[in-house]
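1. Generate a structure from the sequence data that follows.
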Amino acid sequence: METHSENPNINLQEALDLCLKHAHDTDDETIDLHAAIGRVLAENVVAVRDMPPFNKAAVDGYACRKSDMPGPLRPVATIAAGDDADVRLSPGECVKIMTGASVPDGADWVVMVEHTRQNDDGLIDITGTGRKSNIALKAEDYASGDVLIRKGQILKSQHIALMAAEGYASPKVYSKPRVQIVTTGDELVEPHEFPGNGQIRNSNAIQLQAQLNQIGIMADYPGIVPDDKAALRQVIKRCDAYDISFFTGGISMGDYDYVPGLIKEAGYKMIFQKIAVKPGKPTVLAKKGKHLIMGLPGNPVSGFIQFLLLGKPLIYKMMNADYLPEEHFLPLGEDLPSKKSDRDSWIPVQINKNKVYPVPYNGSGDLAALRYAHGFICIPAAVTLLKTKDYVHVRPV
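-> Got it, this is the predicted structure:
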């Protein structure tokens, strides 16, 4: 691995730490379990009973005493799942039993039906014992009073299933933050409009809405704001009604990049204004009271990446969750040279047969490159070459 000079600017981890430090928690609310997917739990889920609540048959077959095998055994009852059968086995007896049914007292083994046969006398012969009892013991999964899911968990389908099993039909979760998207630029028109000379369609707002929707956030969007100080002042005033406002465009160093100056004018304290990440150097975080503004670069790939790296963890932190992004640790399928830079570089990649390959990519304006991307990798500022078979962390999109 070949290296060059270190980056002197604020790095991604420092920017992320500042985002999380300045996030405030939202309130909690009680919702229907059917609507809980993707929400953040605001209470511990505690088991209200043992699971299984009784010794349970794990297969269809015959419950018996192991010491009585191979039989023949006399069947004395049939127990189906859900039956409240009051049966106690005596020596030489067995019970026909279904998967999920309560194992009768006196039985310590359930023989799979495939390992049994009924003889001419109507008795059951055991043709194979198997290596395990096929009994799920009472409380072997968890016991009453155990904490099953901890406060702060981002709820996935497996958590929903467990909560349903324990009767948490109306869980307490953290409220979603109020979010606004502001897109600036005289060169922009909406996707349904035809661009004139020098204009482009507004992909940034739609892109950001989609990324927010993926984590269950529905953001307000007032439409494209022109590069006009009076119009921007009005929009910035409205930011005080939101937990966080995402601005796309207007935050760099151009003659019409008014946003940083105007948010300072409106009483927002600048937390950071540039980060040592490529693409995405002109990324802004500002705060007034509990209200945050995050300015994302106008170049579409830059904005996409910076929401993934900073915006998404920030949103989850506001819902009291410590977001841990999924990563794949895989080898490169080919050499990957990197131009000398003073910033860490994030580039789109594909995964093919568990190897990582760079996507053809022309820089932060190349939105089309993302259609092929399975994720991004970071090339540290000091690295000028990653070699085939070097392992990299892939952040999925």
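2. just checking, what's the longest strand in the protein?
-> In the chain, with assignment by DSSP state E, the single longest strand is strand 344-352.
3. For that strand, which strands pair with it and how are they oriented?
-> strand 277-278 (parallel), strand 355-358 (antiparallel), strand 375-379 (antiparallel) (DSSP bridges).
4. Tell me which of those strands sits nearest to D68.
-> strand 355-358 (56.8 Å; Cβ to Cβ). Using the backbone N, CA and C atoms, a C-beta is placed for each residue, glycine as well.
5. Would you mark the buried spots in the closest one?
-> Neighbour counts using 16 or more other Cβ atoms under 10 Å place V356, P358 of strand 355-358 among the buried residues.
6. 26 is where my numbering starts, stick with that
-> That works, and once the first residue is 26, the last one we named lands at strand 380-383.
7. average pLDDT for that strand?
-> Strand 380-383 shows a mean pLDDT of 96.
8. Likewise for stretch 341-356?
-> 94.
9. returning to that earlier point: distance to L66 for the strands paired with strand 369-377 - can I get that in a markdown table?
-> Converted to a markdown table, the strands paired with strand 369-377 look like this (distance: least, Cβ to Cβ, whole Å):
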| stretch | distance to L66 |
| --- | --- |
| strand 302-303 | 32 |
| strand 380-383 | 34 |
| strand 400-404 | 27 |
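10. and N36, which of the ones you listed is closest to it?
-> Nearest of the strands paired with strand 369-377 (Cβ to Cβ): strand 302-303, 7.7 Å.
11. Just the CA trace of the helix or strand just after that closest one, in CSV.
-> Using DSSP states H and E, the next helix or strand after strand 302-303 towards the C-terminus is strand 309-313. The C-alpha atoms that make up strand 309-313 are tabulated as CSV, following Å, rounded to 0.1, in the frame of the first residue of the first chain:
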residue,chain,number,x,y,z
VAL,A,309,-22.4,22.3,6.5
LEU,A,310,-23.8,21.7,9.9
ALA,A,311,-25.4,24.6,11.9
LYS,A,312,-27.5,24.8,15.0
LYS,A,313,-29.9,27.2,16.7
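12. who does strand 309-313 pair up with?
-> strand 294-297 (antiparallel), strand 316-321 (antiparallel).
13. so of these, which one's packed in deepest?
-> strand 316-321 (a mean of 25; mean count of other Cβ atoms under 10 Å).
14. what's Y199 sitting at in phi/psi?
-> Main-chain torsions, Y199, degrees, to the nearest 10: phi -80, psi 140.
15. so who does I402 touch?
-> By Cβ atoms under 8 Å, 6 or more residues apart in numbering, I402 lies in contact with W371, I372, V374, V381, V417, H418, V419, R420.
16. what sits against the fourth one?
-> With contacts defined as Cβ under 8 Å, 6+ apart, V381 is in contact with L355, P356, L357, G358, V374, Q375, I402, V417, V419.
17. cool, the last one as well?
-> Under the criterion of Cβ under 8 Å, 6+ apart, the contact partners of R420 comprise L333, L334, P350, E351, E352, G400, F401, I402, C403.
18. hey, what's it bridged with?
-> Here R420, judged by DSSP bridges, has bridge partners F401.
19. Tabulate the strands paired with strand 309-313 in JSON lines, adding columns for distance to A164 and mean pLDDT.
-> Shown next, in JSON lines, are the strands paired with strand 309-313 (distance: least, Cβ to Cβ, whole Å; pLDDT from 0 to 100):
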{"stretch": "strand 294-297", "distance to A164": "50", "mean pLDDT": "95"}
{"stretch": "strand 316-321", "distance to A164": "46", "mean pLDDT": "96"}
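20. Out of the ones you listed, the one nearest S366 is which?
-> Between the strands paired with strand 309-313, strand 294-297 lies closest to S366; by Cβ to Cβ that is 19.3 Å.
21. circling back: any idea how far the longest strand of the chain is from the middle of the chain?
-> 20 Å (Cα atoms, centre = their mean, to the nearest Å).
22. coming back round to it: the strands paired with strand 369-377: which one's closest to E139?
-> Proximity to E139 (Cβ to Cβ) singles out strand 380-383 among the strands paired with strand 369-377, at 43.2 Å.
23. re earlier: compare the strands paired with strand 309-313 and give me the one nearest D133.
-> With Cβ to Cβ as the measure, strand 316-321 is the member of these nearest D133 (61.2 Å).
24. name the helices or strands packed onto the helix or strand just after that closest one?
-> Helices and strands here follow DSSP H and E; after strand 316-321, the next one along the chain is helix 325-331. With contacts defined as 3 or more Cβ pairs under 8 Å, 6 or more residues apart in numbering; DSSP states H and E, helix 325-331 has these neighbours: helix 229-239, strand 316-321.
25. The helix or strand following the first one - which strands sit beside it in the sheet, and in what orientation?
-> Per DSSP H and E, the first helix or strand lying C-terminal to helix 229-239 is strand 249-250. Sheet pairing here is set by DSSP bridges, and for strand 249-250 it gives strand 204-209 (parallel).
26. can you list contacts of the strand it pairs with?
-> Contact with strand 204-209 is made by 227, 229-230, 233-234, 237, 242-247, 249-252, 257, 260, 263-264, 266-275, 284, 340, as judged by Cβ under 8 Å, 6+ apart.
27. Now that strand: average pLDDT?
-> Mean pLDDT, computed over strand 204-209, is 95.
28. Could you do stretch 69-82 as well?
-> The pLDDT scores in stretch 69-82 average 94.
29. what's it in contact with?
-> Contact partners of stretch 69-82, identified using Cβ under 8 Å, 6+ apart, comprise 88, 104, 122-128, 135, 159-176, 184, 187-188, 190-193, 196.
30. According to the record, where do the domains of the protein fall?
-> The record's domain parsing of the chain by automatic domain parsing lists 27-52+200-343, 53-75+166-199, 81-161, 353-421.
31. mind checking the end-to-end distance for the last one?
-> In this case it means domain 353-421. Length of domain 353-421, first residue to last, Cα to Cα, to the nearest Å: 8 Å.
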